[in-house]
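Participant: below is the structure, and that's it, no one-letter string:
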């Protein structure tokens, strides 16, 4: 059975299973419906999940250059935090992901974007941006705003 066709355990997405807060927030929709609706939003924005993930990975990689000190990158301030341990994918893949969190702050607008290495994987490989109300939710439009920063 392929990774994409493996059964998804909804329990993996809830609070306390893999993360303290879980990936769903207050969202009661089935995971496949969240992914479908985010796909519609990506189409509306003219963006792909791969482009979003590539951009977030670029920010994370640039931020790593400062270890945990802030890094200026084309008008954004990037800061990385490492934590001990690894996180599994809630979709049940056998891979583990380092606990790395990045924060990007836009000096022009004051907006911030916070994301993890695992979230990049969830977006790229599964099209999952998180449930509404989850602290891990990344709105496709918010990512696009950062991608359109005038210096990038």
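Facilitator: Right, received. Where do you want to start? Quick caveat: nothing in here was measured; it's all calculated off a predicted structure.

Participant: going forward, measure contacts between C-alpha atoms and count neighbours the same way
Facilitator: OK.

Participant: tell me how many other residues crowd residue 72.
Facilitator: Neighbourhood size, residue 72 [other C-alpha atoms under 10 Å]: 16.

Participant: was I right about it contacting residue 78?
Facilitator: Yes: taking contacts as C-alpha atoms under 8 Å, residue 72 lies within contact range of residue 78: 6.3 Å.

Participant: tell me if residue 43 really is in a helix.
Facilitator: Yes: secondary structure of residue 43, determined by DSSP: H, G, I helix; E, B strand; the rest coil: located in a helix.

Participant: and the pLDDT for it?
Facilitator: According to the per-residue confidence, residue 43 scores 98 in pLDDT.

Participant: what's the average pLDDT for the single longest strand found in the chain?
Facilitator: Looking only at the chain and at elements set by DSSP state E, the strand with the highest residue count is strand 76-88. Confidence over strand 76-88, taken as the mean pLDDT, stands at 93.

Participant: may I see the buried residues of it?
Facilitator: 76, 77, 78, 79, 80, 87, 88 (16 or more other C-alpha atoms under 10 Å).

Participant: counting contacts, what elements does it pack onto?
Facilitator: helix 49-64, strand 71-73, strand 96-106 (3 or more C-alpha pairs under 8 Å, 6 or more residues apart in numbering; DSSP states H and E).

Participant: for residue 77, give me its contacts.
Facilitator: The contact partners of residue 77, taken as C-alpha atoms under 8 Å, 6 or more residues apart in numbering, are 70, 71, 103, 104, 105, 106, 107.

Participant: of those residues, closest to residue 115?
Facilitator: Distance ranking of the contacts of residue 77 against residue 115, using C-alpha to C-alpha, places residue 103 first at 6.6 Å.

Participant: ok, the nearest residue to the closest one once chain neighbours are set aside - how many residues close by?
Facilitator: Beyond its immediate neighbours in the sequence, the residue positioned closest to residue 103 (C-alpha to C-alpha, 6 or more residues apart in numbering) is residue 114, lying 4.4 Å away. Applying other C-alpha under 10 Å, we find 18 residues neighbouring residue 114.

Participant: next, the contact list for residue 114, please.
Facilitator: Contacts here follow C-alpha under 8 Å, 6+ apart; on that basis residue 114 touches 101, 102, 103, 104.
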